[in-house]
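Asker: sequence first, then the predicted structure, then my questions.
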Amino acid sequence: MKNTFSKLVLAGLFLFTANVIAQDYDWGALLRNNDAWFATNAQAVTVGNSIIQHQLADGGWRKDPSTTSGEWAKSTVDNDATTSQIIFLARLYKARNTASYLTSLQRGIDLLISGQYANGGWPQIFGAGASTYHAHITFNDNAMIKIMEVLFDVSLKRNHFTFIDDTRASRAKTAVDRGVECILRAQIIFTNGDTTAWCQQHDRSTLAPAGGRAYELPSVSGSESVGIVNFLKTYLSTPGNTTRADVARSINAAIRWLDRVKIVGIRVNNVTTNGSPDRVVVSDPSSTLWARFYQVNTARPIFVGRDGVVRYNLADIEQERRAGYAYYGTWPRNLIAAGLVTVPNTGPVTGTLIGSGANFIDSLRVFNPANASNWSLQTNLRPQQRVYGDREFVTGTIPALLQGAEWISPAMNTRTATSPDTLVRFRMRRAGTVYVAHEDRISPRPAWLASRGFTATSTRLTVNDGSADRTFTVYSRTAAQNQVIALGPNSNDGTSTSMMYLVAVRDGATSVLDRTQLSSYELKISPAKKGGAVNVNYAVKESGAVRLDLFDIKGNRVRTLSHKTKDAGTYNERFSTNGLAKGMYLVKLRAGSQTLQERVLITR
């Protein structure tokens with residue numbers, strides 16, 4: 001994320017004095033120098049020594065060396081920090097063969113490798129507080145992609161890193177491969193089954209789209225997604241990766257989606273309003289632009305100011321943000337013009353057709369050729385029923401809402417698959433509720449559950465593996481007639497120590513709060529069927545005072561929806577949106593010592 005520090009543009013002879021060494025360098029200008037400059041210019045040594053001087057204990061660098069407290073005092077990849085220092089030192093070492101430069105850059109590379117999350121992602125700041133957006137997997141300003149570009153060169157011992165030792169090259173390759181798997185799993189799939197692109201940030205545990213600053217809400221990015229796709233194209237074209245059909249399909253899905261969401265007929269003009277910079281949108285039939293942010297599941301361009309409220313026109317946010325942030329751009333233009341990539345013919349792209357059920361499930365396909373023969377469609381889900389096509393395990397406790405449902409019997413061995421991003425797909429013959437029972441030993445849950453509209457319920461079922469009953473949490477979502485349901489891998493890392501998920505479908509929009517098993521307080525927001533209203537479903541664990549309030553995004557109470565003493569159980573409140581301005585609101589539940597909150601977007 002671009003900061004407001006004044007950058008020292010290094011040009012000409014790059015004359016430095018001691019009092020500017022700690023400034024935020026223009027790394028682009030520095031790294032555009034040729035090899036001769038690194039070999040002969042004394043100022044290259046000055047910069048190199050300054051880099052070593054400001055290297056932190058973990059091997060990384062701050063984006064502003066003068067910052068000594070808070071999150072920004074830690075090592076980061078924001079504003080090209082750490083990756084730029086590593087590249088600069090690599091070029092300086094190749095030119096001068098000075099051991100101190102090698103040692104420093106090796107420590108930097110080691111941080112990039114060790115700082116990777118187990119699921120393959122990287123944070124914006126190493127060691128960032130878990131509750132901050134800096135801990136999210138960060139594609140914003142191509143942060144994670146720049147890490148992967150450096151490590152990709154290290155892994156191949158090419159460009160500026162031909163001298164790297166084999167051990168680091170091997171570790172870098174592993175990190176890059178894991179990073180690619182993370183990217184594929186994080187690709188956002190809408191509830192209608194459309195595979196799209198990526199958010200600026202993704203949750204470090206679930207991989208779901210996540211927010212950054214107040215004006216960077218969970219969304220699909222028309223900017224950062226381009227850098228991701230370009231890296232995937234480079235990765236796919238490299239020997240050893242050319243047969244990765246899953247990578248090719250991910251690339252093509254993103255390109256197709258970016259092409260679909262282009263905005264034809266407008267351009268953005270830079271103007272002056274009340275003496276200050278501003279931007280306005282004007283008509284121009286010859287112009288094509290893309291939005292920086294697209295709303296998840298609607299693909300509608302959104303514009304958010306510092307108040308965090310979603311708006312749908314650039315003119316509706318404050319002037320300072322309009323002029324100071326790129327909400328429109330041409331980022332995907334060249335990517336789309338280059339066309340789609342060829343998908344390697346390494347297996348059935350269309351998946352294995354399992355069949356169709358009598359009631360809900362139509363054209364079930366499984367994208368796991370090695371185990372597809374052990375998948376099947378079943379009716380009348382009940383206790384003591386064989387669960388998997390390749391195991392003798394049987395169902396134990398089946399909650400009432402799932403008994404008798406049409407269901408899918410999976411292959412246990414499919415649990416180790418981490419790709420493709422859609423592992424199971426079917427179409428709904430008629431409207432109903434889709435349930436996914438996911439084993440509780442798997443943590444974190446796969447990101448697609450949340451991104452594809454599934455919500456955890458308080459309902460559990462069990463499966464006996466011959467030695468113990470294993471507990472599964474039931475996730476649910478409603479689905480319309482003819483809607484395509486796409487389900488992803490069982491886990492983020494292909495673990496083989498837990499069970500494959502189960503899928504069941506039945507009619508009715510059954511509440512996501514099961515009245516029979518209340519182990520916690522819960523809060524769930526959903527639009528009312530007739531529109532103009534919002535349903536608030538909630539569960540309270542024990543009797544006592546319960547208060548339900550609606551707040552605007554600034555924290556002002558707008559309405560009290562309920563304030564009563566209630567027994568333990570599940571409840572529903574329905575409130576009208578009449579009289580409410582469009583925008584983001586918070587519903588807060590206070591019960592006992594618990595406070596829960598959920599966002600709700602009012603659009604009419």
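Answerer: Arrived safely, thanks for sending.
Asker: what about the helices in this protein?
Answerer: In the chain, the helices defined using DSSP state H lie at 27-31, 35-40, 42-53, 83-96, 99-114, 143-156, 166-186, 224-236, 245-260, 319-324, 333-338, 448-451.
Asker: JSON lines for those helices, including distance to Arg386?
Answerer: Using the backbone N, CA and C atoms, a C-beta is placed for each residue, glycine as well. Supplementary listing: the helices of the chain in JSON lines, determined by distance: least, Cβ to Cβ, whole Å:
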{"stretch": "helix 27-31", "distance to Arg386": "60"}
{"stretch": "helix 35-40", "distance to Arg386": "67"}
{"stretch": "helix 42-53", "distance to Arg386": "62"}
{"stretch": "helix 83-96", "distance to Arg386": "52"}
{"stretch": "helix 99-114", "distance to Arg386": "44"}
{"stretch": "helix 143-156", "distance to Arg386": "43"}
{"stretch": "helix 166-186", "distance to Arg386": "30"}
{"stretch": "helix 224-236", "distance to Arg386": "40"}
{"stretch": "helix 245-260", "distance to Arg386": "31"}
{"stretch": "helix 319-324", "distance to Arg386": "58"}
{"stretch": "helix 333-338", "distance to Arg386": "48"}
{"stretch": "helix 448-451", "distance to Arg386": "25"}
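Asker: where does the prediction get shaky in this structure?
Answerer: In the prediction, the chain carries residues with pLDDT under 70 at positions 1-24, 346-350, 508-522, 526-531, 567-570, 603-604.
Asker: quickly list the domain ranges of it.
Answerer: If you go by automatic domain parsing, the domain ranges for the chain are 1-186, 208-346, 352-506, 522-602.
Asker: distance from stretch 241-249 to the middle of the chain?
Answerer: Taking Cα atoms, centre = their mean, to the nearest Å, the mean C-alpha location of stretch 241-249 is offset from the chain mean by 20 Å.
Asker: what about Gln53, how many neighbours?
Answerer: Residues near Gln53, counting by other Cβ atoms under 10 Å, number 11.
Asker: swap that for Gly532, sorry
Answerer: If we define neighbours as other Cβ under 10 Å, then Gly532 has 10 of them.
Asker: can you check the one 10 residues further on too?
Answerer: Other residues near Glu542 come to 12 when the count uses other Cβ under 10 Å.
Asker: Arg547 contacts Thr560, doesn't it?
Answerer: Yes - Arg547 is in contact with Thr560 according to Cβ atoms under 8 Å; the separation is 7.1 Å.
Asker: give me the more crowded residue out of these two.
Answerer: Using other Cβ under 10 Å as the criterion, Arg547 and Thr560 rank with Arg547 on top: 14 against 10.
Asker: show me what contacts the more buried one?
Answerer: Going by Cβ atoms under 8 Å, 6 or more residues apart in numbering, Arg547 touches 560, 562-563, 589-591.
Asker: right, and the domains of the chain - which one's nearest Thr195?
Answerer: Thr195 lies closest to domain 208-346 among those, at 3.9 Å (Cβ to Cβ).
Asker: leaving out the residues flanking it, which one is nearest to Asn371?
Answerer: Distance criterion Cβ to Cβ, 6 or more residues apart in numbering; nearest residue to Asn371, sequence neighbours excluded, is Ala411 at 3.8 Å.
Asker: would you quantify the distance from that neighbour to Thr243?
Answerer: Remark: distance between Ala411 and Thr243 (Cβ to Cβ, to the nearest Å) = 23 Å.
Asker: now Asn371
Answerer: As judged by Cβ to Cβ, Asn371 and Thr243 stand 20 Å apart.
Asker: comparing these two, which residue is more hemmed in?
Answerer: Remark: of Asn371 and Thr243, Asn371 carries more neighbours, 20 against 13, as counted by other Cβ under 10 Å.
Asker: so who does the more buried one touch?
Answerer: 390, 411, 413-414, 417.
Asker: now for these, which sits with the most neighbours around it?
Answerer: Neighbour tally across those (other Cβ under 10 Å): the maximum, 24 neighbours, falls on Thr414.
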